[in-house]
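> Got a predicted model here, sequence first, then my questions.
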Amino acid sequence: MPGKIGKLLALPAMDYVRLVEAAIMLAIARFLIKFVAFSRWKKWLDIDHMGVDARPPHIDDDSLGRDIGRIVRMAARHVPWTAVCLPQAMAAQWMLRRRKDSSKIVIGVDRKAKDVSASPAQGDDGQSNLDLHAWLVSSEGIIVTGKHEYKRFRPFTRKTANSAQPVKL
């Protein structure tokens, strides 16, 4: 059976179960981001505030982080809403945590933004003027989600965050 449905039906049973789990986690992440204040749910995340710019080392393709990242990206392509970097990082982190594996979410700002504290964080329309990106780094040191764009961003550290105006994620 060709197409997206055929590819989904051809998945091994474990991948299909993980795909359903990822879709549920993406839905929870979307709900939290859209309807609940960040201050209420940030405690459920392990965010890297030190700004470590992780570079993925060479490791085998059988790692749990790579598998979870692949499944979350696949689920994000098939859910009926847009699941961008932050919900993907959240979903993957929760899935890794359920499997007793730790990870850190890194939030970065576009490297072209010269001084985060000098530019207003929100424009007249209430939207962020900053280009932000979130990626997840596993305990193995690999980038689980957000790896295709992370090089364009510098980690948003506590020092940067404390000097800047609040940013709407």
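The structure has been received and is ready for your questions. Every value quoted in this text rests on a predicted model; they were computed, and no experiment measured them.

> all strands in this protein, in order from the N-terminus.
Listed in chain order, the strands of the chain (DSSP state E) span residues 103-110, 132-138, 143-145, 153-155.

> Can you check which of those strands gets nearest to Arg30?
strand 132-138 (13.7 Å; Cβ to Cβ). C-beta: built from backbone N, CA, C; applies to glycine.

> Direction included, what does the closest one pair against?
Paired neighbours of strand 132-138 in the sheet (DSSP bridges): strand 103-110 (antiparallel), strand 143-145 (antiparallel).

> Out of those strands, indicate the one that is most buried.
Of all those, strand 143-145 has the most neighbours on average by mean count of other Cβ atoms under 10 Å, namely a mean of 27.

> Indicate which one of the strands of the chain is closest to Ile33.
Smallest distance to Ile33 across the strands of the chain (Cβ to Cβ): 10.7 Å, for strand 132-138.

> avg pLDDT for the longest helix anywhere in the chain?
If you go by DSSP state H, the chain has its longest helix at helix 13-35. Per-residue pLDDT over helix 13-35 has a mean of 93.

> Ok, stretch 148-168 next?
What stretch 148-168 shows for mean pLDDT is 62.

> Over to stretch 64-78?
Stretch 64-78 comes out at a mean pLDDT of 92.

> related to what we said a few turns ago, lowest mean pLDDT across the strands of the chain, which one is that?
Among these, strand 153-155 has the lowest mean pLDDT, at a mean of 82.

> Tabulate the strands of the chain (CSV), appending distance to Ala29.
Output for those, formatted as CSV (distance: least, Cβ to Cβ, whole Å):
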stretch, distance to Ala29
strand 103-110, 11
strand 132-138, 11
strand 143-145, 11
strand 153-155, 20
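
> right, and those strands - which one's nearest Leu64?
Closest of the strands of the chain to Leu64 is strand 132-138, at 7.5 Å (criterion: Cβ to Cβ).

> For the longest helix of the chain, buried residues please.
15, 18-19, 21-23, 25-30, 32 (16 or more other Cβ atoms under 10 Å).

> Among the strands of the chain, which comes closest to Ile71?
strand 143-145 (10.2 Å).
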